[in-house]
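[1] let me see the structure of the following:
(2 chains, ligands or ions: 2)
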Amino acid sequence: MNSAVDPKSYETVGRCQTVAAILWPSFLVAGIANSMFWVMVDPHDFGLIAGISELSRIGAYSVGFLLSWAATALSSFVTIRFCKPCNQLNQKSAQ
Amino acid sequence: MSSPSQQQQTEFVVEEFYKKREKIQPRKVKGLFAKLRILGVALLLGLYYFLPWINLNGSQAVLLDLPARKFHFFGITFWPQDFFYLAVLLIIAALALFFFTTLAGRLWCGYACPQTVWTEVFMWIEHYVEGDRPQRLKLDKAPMTARKFRIRGTKHAIWVTFSLWTGFTFVGFFTPIRELGFSLADFSLGPWEWFWILFYSFATYGNAGWMREQVCTYMCPYARFQSAMFDKDTLIISYDTERGEPRGKRKRKLDYKSAGLGSCVDCTMCVQVCPTGIDIRDGLQYQCIGCAACIDVCDDVMERMGYEKGLIRYTTENTLEGKQTHILRPRMILYALVLTGMIIGLGVSIATRIPLELNIIRDRNALYREASNGLVENIYTLKVINMDEQSHHYSLDISGIQGLEVIGLKDEEIQSGEVKEMIISIRVDPIELKSTSTELLFHIEAVDNPDIQQDQKARFLGPLVN
Ligand code: SF4
Ligand code: SF4
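    Ligands and ions are numbered 1, 2, ... in the order given. Here you go, the predicted structure:
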């Protein structure tokens, strides 16, 4: 419990947990956002607007999901970076 | 500059996190809660693996037909326009989670979460191939020999096969599973189907085979929020410290009370069976998924010692503090009421659902227009959505103003699932207008089935002449 508050703990979170913390929440959110989007927009209409006619619906859902996952993962990645305490960054650059 | 105690703490943290995770080898348990879990696993996985194979009138009964944007569920077809139902369903699910968590903690985790359910099956396989905890620990330590290689290989082969079947079934909820099977057999499967089968298989294999309790500890959002739903009357799995301590090993016949011992015989069975590797005797911990394995095993030990069961049991904070527990408290009653209300509401609204939708959008660019013959004209865009399985002709009846004229209405057949847009204009004699804004009633009805009908209202704007 305490470790969430202790700024020290961020530097000691294992690599696996870091990767999970980046990829996993972003996966969930991308899944939800992507489903909401395609519920409202039919890939066929989307294809017409975007000028991609040979996109199948399954393809559109999948590509849409992977793209949104990439976007949300990027956001998680930046969050993790920002969670690092300044003094640790200072130490890094001093080395 | 850090004080010695801070130093110590940092070291502890470093050790805690950098320590390589040791694989937890839970011992197999028998007992009431283990039985309940087997029931949960059988029920849920039974549904999962068999539902897609059920056919109704020659087509798959449960099919989320993404390419066609329809969801078939035992004869009812849902369209994206029915998103409302899904939203209500999600709210119901969330409320149910609140209800059960407040009632007895992580019931979901212990008996119903896919992570638990699939891990359980993976552990059965492991247990079947490698034996129980002592054998597995020995195998872990043993150097790689032909025998170890064979055992490990067998386990992984079964795991992988099971995972692939799981991935295949998953995609079978989205693409008709029989066709999927055929195209798998003659190698004509599309790239996306391949991708998702492998993706889901890999996720199953990784999560249930390797990650296990780490998913719960590090990756599960529910686990991070669940304790917020607890109160002092929530049934949680706890060790009765009062009764158990001081713990200690003893002979079975010993009168332990006069020897100054508590009921805990310190056999560490509760630790050995715990799938998250914690010691429940240290108190409620975040990692505990409420699987009740420790209850089962401890009850067994108590029975064999001839002690009273329930040293570890479902109990509430209030009880442990010697206060009264209220299971039926206002919060629970409220959750229950809202939950039943919503379930009934959803059921009724699906049962009486009319597979037709009419949306009317008044032209926003102009208030009204004066047509050449002195009539006042309003423009509307109508969207008719046929959500039925059959195509229909519809008749539209508009009322509300004397002698109104409708221009641009076409009688067309609308296909199943089709959204037809029509732009119509309505003209009225301004003499008939009683106000600058009059309500019009649009009534649409399927020509061949008067049960399929919808009413919608729209406003007609015009000048007031008298
Ligand atoms: S902690 Fe999360 S993943 Fe683990 S059993 Fe509970 S709900 Fe499932
Ligand atoms: S402490 Fe008990 S209930 Fe909690 S996870 Fe471990 S065995 Fe299951």
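[2] quick one: contacts of stretch B:195-213?
    The contact list for stretch B:195-213, computed with CB atoms under 8 Å, 6 or more residues apart in numbering or on different chains, reads A:62, B:24, B:115, B:118-119, B:121-122, B:156, B:159-160, B:162-164, B:166-168, B:170-171, B:174, B:215, B:219, B:275-277, B:287, B:289. C-beta coordinates here come from the backbone N, C-alpha and C atoms, glycine included.
[3] show me what the helix or strand encompassing B:Ile344 is packed against.
    Assessed by DSSP states H and E, B:Ile344 sits inside helix B:330-351. The contact analysis (3 or more CB pairs under 8 Å, 6 or more residues apart in numbering or on different chains; DSSP states H and E) places helix B:330-351 against helix B:83-104.
[4] next, the buried residues of the helix it packs on.
    Residues of helix B:83-104 classed as buried under the neighbour-count rule (16 or more other CB atoms under 10 Å in any protein chain shown) are B:Tyr85, B:Val88, B:Ile92, B:Leu95, B:Leu97, B:Phe98, B:Phe99, B:Phe100, B:Thr101, B:Thr102, B:Leu103, B:Ala104.
[5] do stretch B:279-296 as well
    Neighbour-count burial for stretch B:279-296, with 16+ other CB under 10 Å as criterion, is recorded at B:Ile280, B:Arg281, B:Leu284, B:Cys288, B:Ile289, B:Gly290, B:Cys291, B:Ala292, B:Ala293, B:Cys294, B:Ile295, B:Asp296.
[6] my guess is the last one contacts B:Ile38, does it?
    No. B:Asp296 is beyond contact range of B:Ile38, at 11.8 Å (criterion: CB atoms under 8 Å).
[7] export stretch A:74-91 as PDB, just CAs?
    Only the C-alpha atoms of stretch A:74-91 are listed here, as PDB (Å, rounded to 0.1, in the frame of the first residue of the first chain):
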ATOM      1  CA  LEU A  74       2.300   5.700 -25.900                       C
ATOM      2  CA  SER A  75       0.400   7.600 -23.300                       C
ATOM      3  CA  SER A  76       1.000   5.000 -20.700                       C
ATOM      4  CA  PHE A  77       4.700   5.100 -21.600                       C
ATOM      5  CA  VAL A  78       4.900   8.800 -21.100                       C
ATOM      6  CA  THR A  79       3.100   8.500 -17.800                       C
ATOM      7  CA  ILE A  80       5.600   6.000 -16.500                       C
ATOM      8  CA  ARG A  81       8.400   8.400 -17.500                       C
ATOM      9  CA  PHE A  82       6.700  11.200 -15.700                       C
ATOM     10  CA  CYS A  83       6.400   9.100 -12.600                       C
ATOM     11  CA  LYS A  84      10.100   9.000 -12.200                       C
ATOM     12  CA  PRO A  85      11.200  11.300  -9.400                       C
ATOM     13  CA  CYS A  86      13.500  14.200 -10.500                       C
ATOM     14  CA  ASN A  87      16.300  13.200  -8.200                       C
ATOM     15  CA  GLN A  88      16.600   9.900 -10.000                       C
ATOM     16  CA  LEU A  89      16.800  11.600 -13.400                       C
ATOM     17  CA  ASN A  90      19.500  13.800 -11.900                       C
ATOM     18  CA  GLN A  91      21.500  10.800 -10.800                       C
END
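[8] helices of the stretch 201-350 of chain B, start to end?
    B:213-214, B:221-225, B:241-244, B:269-273, B:293-305, B:317-320, B:330-351 (DSSP state H, counting those that start in this stretch).
[9] could you chop chain B up by domain?
    Under the assignment named as automatic domain parsing, the residue ranges that make up the domains of chain B are B:22-353, B:356-461.
[10] any idea how far apart the tips of stretch B:344-364 sit?
    Separation of the first and last residues of stretch B:344-364 by CA to CA, to the nearest Å is 39 Å.
[11] now the two most distant members of the buried residues of stretch B:279-296.
    B:Leu284 and B:Asp296 (18.0 Å; CB to CB).
[12] and residue 54, what pLDDT?
    Picked chain A for this. Note for A:Glu54: predicted pLDDT of 72.
[13] sorry, I should have been clearer: chain B.
    At B:Ile54, the predicted lDDT confidence score is 96.
[14] how about the nearest residue to it, chain neighbours excluded?
    Residue nearest to B:Ile54 in three dimensions, not counting chain neighbours: B:Ala61, with 4.5 Å by CB to CB, 6 or more residues apart in numbering or on different chains.
[15] quick one, what contacts the one you found?
    B:Ala61 touches B:Leu51, B:Ile54, B:Asn55, B:His72, B:Phe73, B:Phe74, B:Gly75, counting by CB under 8 Å, 6+ apart.
[16] narrow these to those that are buried.
    Among the contacts of B:Ala61, those buried by neighbour count (16+ other CB under 10 Å) are B:Leu51, B:His72.
[17] among the contacts of B:Ala61, which one sits closest to B:Ile151?
    B:Leu51 (34.1 Å).
[18] who touches the closest one in this structure?
    Residues in contact with B:Leu51 (CB under 8 Å, 6+ apart) are B:Ala61, B:Val62, B:Phe173.
[19] one more: B:Trp192?
    Here B:Trp192 is in contact with A:Ser56, A:Ile58, A:Gly59, A:Ser62 (criterion: CB under 8 Å, 6+ apart).
[20] quick check, it in a helix?
    Yes. Counting by DSSP: H, G, I helix; E, B strand; the rest coil, B:Trp192 is found in a helix.
[21] let me know the pLDDT of it.
    At B:Trp192, the model reports a pLDDT of 86.
[22] before we move on, what about A:Leu28?
    According to the prediction, A:Leu28 has pLDDT 91.
[23] how about B:Lys20?
    55.
[24] over to B:Met332?
    What the model reports as pLDDT for B:Met332 is 94.
[25] who are the contact partners of it?
    Residues in contact with B:Met332, defined by CB under 8 Å, 6+ apart, are B:Phe99, B:Thr102, B:Leu103.
[26] within range of chain A, give me the residues from the stretch 351-466 of chain B.
    Residues of the stretch 351-466 of chain B found near chain A (CB under 8 Å from any CB of the partner chain): none.
[27] tell me which helix or strand the residue nearest the centre of chain A sits in.
    The residue at the geometric middle of chain A, judged as the C-alpha nearest the mean C-alpha position with CA atoms, centre = their mean, is A:Ala73 (1.8 Å). Taking DSSP H and E as the definition, A:Ala73 sits inside helix A:57-83.
[28] okay if I get the domains of chain B as JSON lines plus distance to ligand 2?
    Compiled in JSON lines, these are given as follows (distance: least, CB to the nearest ligand atom, whole Å):
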{"stretch": "domain B:22-353", "distance to ligand 2": "3"}
{"stretch": "domain B:356-461", "distance to ligand 2": "46"}
